[in-house]
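S.K.: Just the structure for this:
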Amino acid sequence: DTNLIYNNCTHVWRTFCLPHYFQSNKVTCIPIGYKSGLTYEIKDVFDREYLWSFMGTIHGASRYDLINKHKKLQPNFIKETKNFSSAESLSAEEYYKKLKESIFVLVPHGYLHPESYRLYEGLECGCIPIIENPHNFYDNFLPDNPLIKINLWNESIDIINDLNKNKKKLKKKFEEINIWWKHYKLNLQNTIKTKIHV
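M.R.: Residues are numbered from 1 along each chain as shown. Prediction:
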């Protein structure tokens with residue numbers, strides 16, 4: 001029962017947010033984030049090696065569907081692992097290098113929660129995420145975001161093909177998402193500063 005803790009706090013920031021916290025004045029939901037400490041410049045959308053990538057475990061029907069529906073879209077980078085800390089996993093540095101070479105990153109919902117680290121890792125590398133959006137989670141969690149959200153993976157094939165054929169639209173979406181993400185992080189920092197009166 002989180003109320004036993006939250007009632008003793010002036011304000012709470014929490015990850016893995018649940019919908020009933022979205023309207024709370026006492027709780028601010030924040031993204032689960034990405035690995036820090038790696039520095040790199042964001043490559044231009046037209047200088048990337050892969051059209052799309054997916055790296056991670058293939059648990060659940062959604063992820064099998066993702067791979068099977070998109071594997072013919074080339075060039076791509078797919079790295080399947082058996083579990084979260086599998087020996088065949090890429091190192092953090094290799095993982096981020098592949099992301100920064102990907103135009104699109106496909107983001108299925110997480111194992112137990114809609115959120116996935118993959119979304120924020122992709123945003124940090126300047127990818128265009130295509131997110132599985134169960135129950136419109138991301139519309140409520142990140143209001144007014146420009147991210148591409150789908151319900152079924154066959155929807156994203158047309159989206160990728162359409163943007164890849166229209167370079168002007170692709171560049172516009174790439175820039176729109178990167179600008180939004182930078183502003184989102186700055187706004188979150190300012191919100192935290194205001195709450196703790198720094």
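
S.K.: where does residue 162 land in three-state SS?
M.R.: Under DSSP: H, G, I helix; E, B strand; the rest coil, residue 162 falls in the helix class.

S.K.: So it sits against residue 168, correct?
M.R.: No - with contact defined as C-beta atoms under 8 Å, residue 162 does not count as touching residue 168 (11.9 Å). No exception for glycine: its C-beta is placed from N, CA and C like everyone else's.

S.K.: Please identify the buried residues of the lengthiest strand in the chain?
M.R.: Counting residues, the longest strand in the chain under DSSP state E turns out to be strand 50-57. Of the residues in strand 50-57, those buried by neighbour count under the rule 16 or more other C-beta atoms under 10 Å are 50-56.

S.K.: Ok, stretch 181-191 next?
M.R.: Neighbour count says stretch 181-191 has residue 181 buried, by 16+ other C-beta under 10 Å.

S.K.: So which elements touch the helix ranked longest in the chain?
M.R.: For the chain, the longest helix by residue count, based on DSSP state H, is helix 167-196. Helices and strands touching helix 167-196, by 3 or more C-beta pairs under 8 Å, 6 or more residues apart in numbering; DSSP states H and E, are strand 27-29, helix 117-124, strand 128-132, helix 154-165.

S.K.: swap the cut-off to 7 Å and go again
M.R.: strand 128-132, helix 154-165 (3 or more C-beta pairs under 7 Å, 6 or more residues apart in numbering; DSSP states H and E).

S.K.: Residue 162 and residue 168 - which one has more neighbours?
M.R.: The neighbour comparison of residue 162 against residue 168 (other C-beta atoms under 10 Å) goes to residue 162, with 11 against 8.

S.K.: Skip the chain neighbours and tell me the closest residue to that one.
M.R.: In this structure, residue 162 finds its nearest non-sequential neighbour in residue 169, 7.4 Å apart by C-beta to C-beta, 6 or more residues apart in numbering.

S.K.: one step back: Throw the buried residues of strand 50-57 into JSON lines and include distance to residue 94 and pLDDT, thanks.
M.R.: Shown next, in JSON lines, are those (distance: C-beta to C-beta, whole Å; pLDDT from 0 to 100):
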{"residue": "50", "distance to residue 94": "14", "pLDDT": "98"}
{"residue": "51", "distance to residue 94": "19", "pLDDT": "98"}
{"residue": "52", "distance to residue 94": "17", "pLDDT": "97"}
{"residue": "53", "distance to residue 94": "12", "pLDDT": "96"}
{"residue": "54", "distance to residue 94": "15", "pLDDT": "94"}
{"residue": "55", "distance to residue 94": "9", "pLDDT": "92"}
{"residue": "56", "distance to residue 94": "13", "pLDDT": "87"}
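
S.K.: Many thanks, we can stop here.
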